[in-house]
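Q: have a look; sequence and predicted model below, questions after that.
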Amino acid sequence: MTRLRSFLYVPGDRPDRVAKAMASTADAVIVDLEDAVKPASKPAARDALRALPTRTAGQRWVRINAGVDGRADLLALSALADLERGEGRVGIDGVVVAKCETVDWLDEVAAAVGDRVAIAPLVESALALRRLDAICAHQRTVQCQLGEVDLLADLGGRPPGGHALVDRARLDLVVASAAAGIAAPIGGVHLAIDDLEALRSTSEALADIGFAGRAIVHPTHCAVVNEAFSPTAAGLAWAEDVLARWAAASTGAVRAADGSMIDEAVVRRARRLTA
């Protein structure tokens with residue numbers, strides 16, 4: 001899977017905003033059929049999928065609903081898949097499965113979207129947390145996202161003290177993802193749109209605990225998030241030096257430039273940075 005850092009959500013019933021999002025520097029644009037679209041507008045949002053703008057760089061994803069609306073979304077995506085096979089049109093790259101709680105639902109999604117579309121369950125309930133290992137281990141799960149606002153509401157927490165619940169969920173999701181051998185997870189949105197410094201600091205904190213990126217709700221967040229989840233120049237230089245010293249060593253006892261010991265675990269971290 002291509003390494004993705006920024007996932008820009010955009011309402012599926014707003015073609016003007018979809019076009020602007022597709023022209024952004026987000027690694028992936030997620031056309032939302034769920035919370036960003038009112039119930040009466042969902043059919044129009046599904047129909048609009050047939051006219052998705054192309055992107056010169058980056059991926060195109062769709063977030064689907066749960067339940068009855070989710071099955072209607074899958075019918076629309078199945079029609080897109082048939083259209084792609086019949087006319088050679090470029091399809092979507094991935095699907096975010098909102099309020100995902102069962103592997104049976106993931107089976108349905110996988111059957112509808114086909115083998116070439118990535119699937120990312122959105123973990124945003126207590127039940128999903130209890131079933132994290134199964135959700136992450138599903139054969140079509142490539143990466144999970146964390147719906148922090150919905151999760152906090154489902155758990156009955158309230159800010160600021162309730163954020164400890166979200167912190168616990170973040171750590172659990174990082175561990176479950178690593179154990180399942182899938183890509184590191186994607187964090188929740190930063191709702192203070194104009195506070196870019198807070199966006200930067202919270203993004204760096206997510207990167208520090210093993211997240212690969214985060215969801216965003218405004219194009220101005222793309223550059224900040226992309227930078228926060230990319231290795232720094234100093235980090236790359238450290239990694240390249242570690243790999244060079246490890247490759248040149250004739251024994252297992254190797255020292256880094258700062259005098260610290262290099263072992264296989266340190267080398268794995270260096271390889272991940274340079275990848």
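A: The structure has been received and is ready for your questions. Residues are numbered from 1 along each chain as shown.

Q: quick one: residue 230 from residue 213, how far?
A: 10 Å (Cβ to Cβ, to the nearest Å). From N, CA and C alone the C-beta is placed, and that goes for glycine too.

Q: okay, and the common contacts of these two?
A: Residues touching both residue 230 and residue 213 (Cβ atoms under 8 Å, 6 or more residues apart in numbering) are residue 5.

Q: who's more crowded, these two?
A: Set side by side, residue 230 and residue 213 show more neighbours around residue 213, with 28 against 14, by other Cβ atoms under 10 Å.

Q: thinking the more buried one is in contact with residue 6, fair?
A: Yes. Residue 213 is in contact with residue 6 according to Cβ atoms under 8 Å; the separation is 5.9 Å.

Q: anything in contact with each of these two?
A: 27, 225, 229.

Q: and of those, the nearest to residue 142?
A: For the shared contacts of residue 213 and residue 6, the residue nearest residue 142 by Cβ to Cβ is residue 27; the value is 14.1 Å.

Q: check what pLDDT the closest one gets.
A: At residue 27, the pLDDT value in this model is 98.

Q: now it: closest residue in space that isn't a chain neighbour?
A: residue 4 (4.2 Å; Cβ to Cβ, 6 or more residues apart in numbering).

Q: same thing with residue 207?
A: Nearest non-adjacent residue to residue 207 (Cβ to Cβ, 6+ apart): residue 229, at 5.1 Å.

Q: wait, what's in contact with the one you found?
A: 5, 6, 203, 206, 207, 211, 212, 213, 214.

Q: mind redoing it with 6 Å?
A: 5, 207, 213 (Cβ atoms under 6 Å, 6 or more residues apart in numbering).

Q: now the second one: which helix or strand?
A: So the one you mean is residue 207. For residue 207, the enclosing helix or strand under DSSP states H and E is helix 196-208.

Q: three-state assignment of residue 220?
A: helix (DSSP: H, G, I helix; E, B strand; the rest coil).

Q: contact partners for it?
A: By Cβ under 6 Å, 6+ apart, residue 220 has no neighbours at all.

Q: for residue 177, see how far away it is.
A: When residue 220 is compared with residue 177 (using Cβ to Cβ), they lie 28 Å apart.

Q: with residue 132 instead?
A: Applying Cβ to Cβ to residue 132 and residue 177 gives a distance of 9 Å.

Q: have a look at those two and say which one is more surrounded.
A: residue 177 (24 against 20).

Q: helices or strands up against the host helix or strand of the more buried one?
A: Secondary structure assignment for residue 177, by DSSP H and E: helix 163-180. The elements that helix 163-180 packs onto, with contact taken as 3 or more Cβ pairs under 6 Å, 6 or more residues apart in numbering; DSSP states H and E, are helix 132-137, helix 148-155.

Q: will you turn those helices into a markdown table that also has distance to residue 68 and mean pLDDT?
A: Shown next, in a markdown table, are the helices and strands packed on helix 163-180 (distance: least, Cβ to Cβ, whole Å; pLDDT from 0 to 100):
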| stretch | distance to residue 68 | mean pLDDT |
| --- | --- | --- |
| helix 132-137 | 21 | 98 |
| helix 148-155 | 19 | 96 |
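
Q: out of the ones you listed, which gets nearest to residue 244?
A: Per Cβ to Cβ, nearest to residue 244 of the helices and strands packed on helix 163-180: helix 132-137, 34.5 Å.

Q: who's in contact with the closest one?
A: Contacts for helix 132-137 (Cβ under 6 Å, 6+ apart): 103, 121, 176, 177, 180, 182.

Q: next: stretch 189-200.
A: Against stretch 189-200 from outside (Cβ under 6 Å, 6+ apart): 215, 217, 218, 221, 224, 228.

Q: those helices in the stretch 1-150 of the chain, which residues are they?
A: Shown for the stretch 1-150 of the chain, the helices assigned by DSSP state H, counting those that start in this stretch span residues 15-22, 42-48, 67-87, 103-113, 126-130, 132-137, 148-155.

Q: same list, those helices, but as CSV with distance to residue 273 please.
A: Formatted as CSV, the helices of the stretch 1-150 of the chain follow (distance: least, Cβ to Cβ, whole Å):
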stretch, distance to residue 273
helix 15-22, 29
helix 42-48, 39
helix 67-87, 36
helix 103-113, 31
helix 126-130, 30
helix 132-137, 23
helix 148-155, 26
